[in-house]
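Undergrad: What would the 3D arrangement of this be:
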Amino acid sequence: MHHHHHDWTLVCLSLLVAVFGSWVALDLASRVQTHLGRARLTWTSTAAIAMGLSIWSMHFIAMLGFDPGAPVVYAPGLTALSLVLAIGSTWGAFVAATRPGSRSGDVTLAGAAMGLGICAMHYVGMAALRTAMTLDYRPGLVALSLAIAILASTTGLFVARQPRTAISRLLAASLLGVAVAGMHYTAMAALELTPIPGAAFIAPMGVPPFLLGVGVAAGTLLILFLAIMASLYDQRGNILQALDAGGVGYWEYDLRSQSLQASSQVKALFDLRGDEDLTLEHWLGALSPEDRTRRDRAVESAQRTGDDYDHEYRLIAQDRWVNVRGKVIYDQRGRAVRMIGVVLDVTDRHEAFAAVTASEQRHRLLTNELNHRVKNTLATIQSIASQTARGAASLSDFRKAFEDRLMALSATHNVLTQASWEAAAIGDLLAQEMAPYPAEQVTLVGPSLRLPARHALALGMVLHELATNAAKYGALSTPTGRLEVRWATFDVERPAPMLVLEWRETGGPAVLPPTKVGFGSRLIKVSVEKDLGGAVALDFGPSGLVCRIEAPLQPISENPARLDA
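TA: Have a look, this model is predicted:
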């Protein structure tokens with residue numbers, strides 16, 4: 001039996017490849033948990049290939065460090081077959097173990113199959129070895145190497161199924177890599193070499209084994225590094241897509257070059273297309289001078305203290321509010337080098353707050369207006385009661401007159417209520433008041449004019465007094481009587497145009513001028529002069545009463561809840 005030895009440099013290099021390959025495979029396997037369908041299969045396959053490639057590379061590098069005491073070459077076909085066995089067995093096991101619904105029993109079977117495949121890879125690779133020695137194996141150590149391979153494979157699959165932290169993943173990768181290397185060197189320990197007498201000389205490989213081992217390790221590590229970069233890029237892409245789906249923009253700010261990078265969501269806030277650049281000048285130019293000063297101070301404070309950056313600004317041109325959040329990134333010397341963060345459009349929130357504030361200012365205006373209206377109404381009722389009592393001959397007369405005037409006030413209120421107490425049209429007030437009388441006796445002519453609520457109440461009381469007088473003593477007291485009401489406006493050199501309303505009765509009983517001024521006449525005079533700010537003329541001619549009212553036409557408030565003072 002011939003003794004053999006190993007190049008410890010290549011032994012250490014093979015162990016490094018095994019550990020790093022295991023770590024990459026476990027990290028790639030964690031990507032499986034964040035994908036579905038074809039993407040899930042892609043990342044499962046990538047993780048399996050990384051694992052199989054690292055195991056094969058570890059084996060091949062270790063074999064290059066193996067010195068049986070005679071020149072060695074490797075058969076290309078069997079060497080390639082060993083690579084296929086390594087990748088194929090890990091791929092099948094990873095797919096079976098990470099598929100949705102797989103159970104612990106499935107993982108155990110997959111681990112056993114993967115272990116058998118890895119063992120087959122090892123011994124096929126050994127069969128590819130060509131040297132002037134016969135290769136024999138101790139059965140016990142062969143069985144032990146198989147057990148180690150199955151145990152390492154099963155452990156690796158269980159770890160790959162569950163998300164892990166970076167530290168726990170590194171620990172698991174180290175144990176898995178050592179176990180894979182342990183399996184190889186246990187199998188090598190089972191090897192017995194016997195020189196073949198008279199064997200033909202085998203020319204050594206053209207490339208020194210050490211250089212070839214380093215080349216294989218470098219190529220494998222490069223592939224694994226590219227795979228891990230793809231994983232990181234995919235993870236970054238998923239995060240950005242999730243932010244985009246949630247309407248959250250992403251930004252990066254290089255503090256040294258003062259350059260700004262932003263996602264399409266952020267650019268959209270500045271009315272930029274996705275292919276256009278968002279510069280720092282764009283960002284600063286969108287802020288008011290006050291917000292720009294506040295922003296500069298906040299960035300400086302975040303760099304100095306390391307606190308999170310969290311502020312809200314208004315983009316002036318776009319009339320939008322944004323919440324900008326970020327964190328400072330420091331280099332190894334503790335210098336602030338860049339900031340990363342997100343941008344949220346919080347315009348809706350500001351509009352909601354503004355709406356709530358406006359609503360509260362309106363629940364208070366309405367309360368004040370209601371209080372004002374109630375007081376005015378009560379004062380009007382008090383005045384009606386006082387004046388009616390003063391002119392009533394008896395309690396029954398007072399009751400009848402008082403009720404009629406309250407009903408007139410109520411009718412005007414109904415008209416105003418239909419208009420949300422904003423204003424009332426003169427035509428609506430007259431139509432309400434003339435409803436009880438025959439249509440052929442009443443003529444109403446005038447444009448559509450609306451009066452503020454308080455003025456409408458005053459005019460409504462005036463019209464009621466005139467209608468009541470006409471029904472008792474005037475044109476509406478006989479079937480032959482006629483009433484014509486005309487109204488119009490004309491401009492004068494005053495702040496507001498003048499309203500002119502003429503009430504003309506004809507065909508009724510002969511009219512005599514009153515011997516004394518009654519309540520109705522006083523109410524008409526007070527309402528027109530005090531409440532409307534105008535003038536009234538009453539002409540009790542023989543043919544019928546003519547009442548002419550002139551008053552400034554006041555503008556209607558834009559706020560429907562507000563009464564004119």
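Undergrad: low-scoring stretches of the stretch 451-565 of the chain, by residue?
TA: Where the stretch 451-565 of the chain drops to pLDDT under 70, the residues are 492-494, 519, 556-565.
Undergrad: Which residue ranges of it form strands?
TA: In the stretch 451-565 of the chain, strands defined by DSSP state E, counting those that start in this stretch lie at 482-490, 498-506, 535-541, 544-552, listed in chain order.
Undergrad: May I see the ones you listed organised as a markdown table, with distance to residue 458 added?
TA: For glycine as for every other residue, the C-beta is placed from the backbone atoms N, C-alpha and C. Shown next, in a markdown table, are these (distance: least, CB to CB, whole Å):
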| stretch | distance to residue 458 |
| --- | --- |
| strand 482-490 | 15 |
| strand 498-506 | 12 |
| strand 535-541 | 11 |
| strand 544-552 | 9 |
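Undergrad: Can you add mean neighbour count and give those strands back as a markdown table?
TA: Below are the strands of the stretch 451-565 of the chain laid out as a markdown table (neighbours: other CB atoms under 10 Å):
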| stretch | mean neighbour count |
| --- | --- |
| strand 482-490 | 17 |
| strand 498-506 | 20 |
| strand 535-541 | 14 |
| strand 544-552 | 19 |
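Undergrad: Residue 360 is nearest to which of those strands?
TA: Proximity of these to residue 360 was assessed by CB to CB; the nearest stretch is strand 544-552, lying at 34.4 Å.
Undergrad: Can you give the strand pairings for the closest one, parallel or anti for each?
TA: Sheet pairing of strand 544-552 (DSSP bridges) gives strand 498-506 (antiparallel), strand 535-541 (antiparallel).
Undergrad: Next, the angle strand 482-490 makes with that strand.
TA: Angle between the axes of strand 544-552 and strand 482-490 is 20 degrees (criterion: axes from the mean of the first three to the mean of the last three CA atoms, to 10 degrees).
Undergrad: mind checking how far strand 544-552 is from the chain centre?
TA: Mean-position distance between strand 544-552 and its chain equals 63 Å (CA atoms, centre = their mean, to the nearest Å).
Undergrad: And for stretch 85-95?
TA: Relative to its chain's centre, stretch 85-95 lies at 43 Å (CA atoms, centre = their mean).
Undergrad: Repeat that for stretch 173-191.
TA: In terms of CA atoms, centre = their mean, the centre of stretch 173-191 is found 52 Å from the chain centre.
Undergrad: and residue 156, what element?
TA: Per DSSP states H and E: residue 156 is located in helix 139-161.
Undergrad: now for that helix, which elements pack on it?
TA: Applying 3 or more CB pairs under 8 Å, 6 or more residues apart in numbering; DSSP states H and E, one finds that helix 139-161 contacts helix 8-32, helix 76-98, helix 104-127, helix 166-189.
Undergrad: which secondary structure elements does the shortest one contact?
TA: Okay, so that is helix 76-98. Using 3+ CB pairs under 8 Å, 6+ apart as the contact test, the elements touching helix 76-98 are helix 8-32, helix 37-64, helix 104-127, helix 139-161.
Undergrad: so for it, what's the average pLDDT?
TA: Across helix 76-98, pLDDT averages out at 85.
Undergrad: Name the next helix or strand downstream of the helix or strand bottoming out on mean pLDDT in the chain, please.
TA: Every helix and strand of the chain was ranked by mean pLDDT, DSSP states H and E. The lowest is helix 209-245, at a mean of 66. Using DSSP H and E, the helix or strand that follows helix 209-245 towards the C-terminus is strand 248-254.
Undergrad: before we move on, the earlier item: let me know which of the helices and strands packed on helix 139-161 is tucked in deepest.
TA: Of these, the one with the most neighbours on average (mean count of other CB atoms under 10 Å) is helix 8-32, at a mean of 23.
Undergrad: Please state the offset of stretch 327-347 from the chain centre?
TA: Here the centre of mass of C-alpha atoms in stretch 327-347, compared against the chain's by CA atoms, centre = their mean, lies 21 Å away.
Undergrad: Just send the helices and strands packed on helix 76-98 back as TSV, with mean pLDDT and distance to residue 457 too.
TA: Shown next, in TSV, are the helices and strands packed on helix 76-98 (pLDDT from 0 to 100; distance: least, CB to CB, whole Å):
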stretch	mean pLDDT	distance to residue 457
helix 8-32	77	76
helix 37-64	78	73
helix 104-127	87	85
helix 139-161	84	81
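Undergrad: Would you mind telling me which of those is nearest residue 393?
TA: That would be helix 37-64 among these, by CB to CB, at 97.4 Å.
Undergrad: angle of the closest one against helix 139-161?
TA: Angle of helix 37-64 versus helix 139-161, following the same axes, to 10 degrees, is 150 degrees.
Undergrad: buried set for helix 37-64?
TA: Buried positions in helix 37-64, judged by neighbour count with 16 or more other CB atoms under 10 Å: 40, 43-64.
Undergrad: can you check stretch 325-337 too?
TA: The neighbour-count check on stretch 325-337 (16+ other CB under 10 Å) flags 325-326, 328, 336 as buried.
Undergrad: So what would you say the end-to-end distance of that stretch is?
TA: In stretch 325-337, first residue to last residue: 17 Å (CA to CA, to the nearest Å).
Undergrad: which residues are contacting that stretch?
TA: For stretch 325-337, contacts defined as CB atoms under 8 Å, 6 or more residues apart in numbering pick out 251, 253-256, 302-303, 306, 308-310, 338-344.
Undergrad: List only buried entries from those residues.
TA: Among the contacts of stretch 325-337, the ones that count as buried by 16+ other CB under 10 Å are 251, 253, 302-303, 309, 338-339, 341-344.
Undergrad: Name the pair among the residues you listed with the greatest separation in space.
TA: Longest span within the buried ones among the contacts of stretch 325-337, CB to CB: 303 and 344, 22.2 Å.
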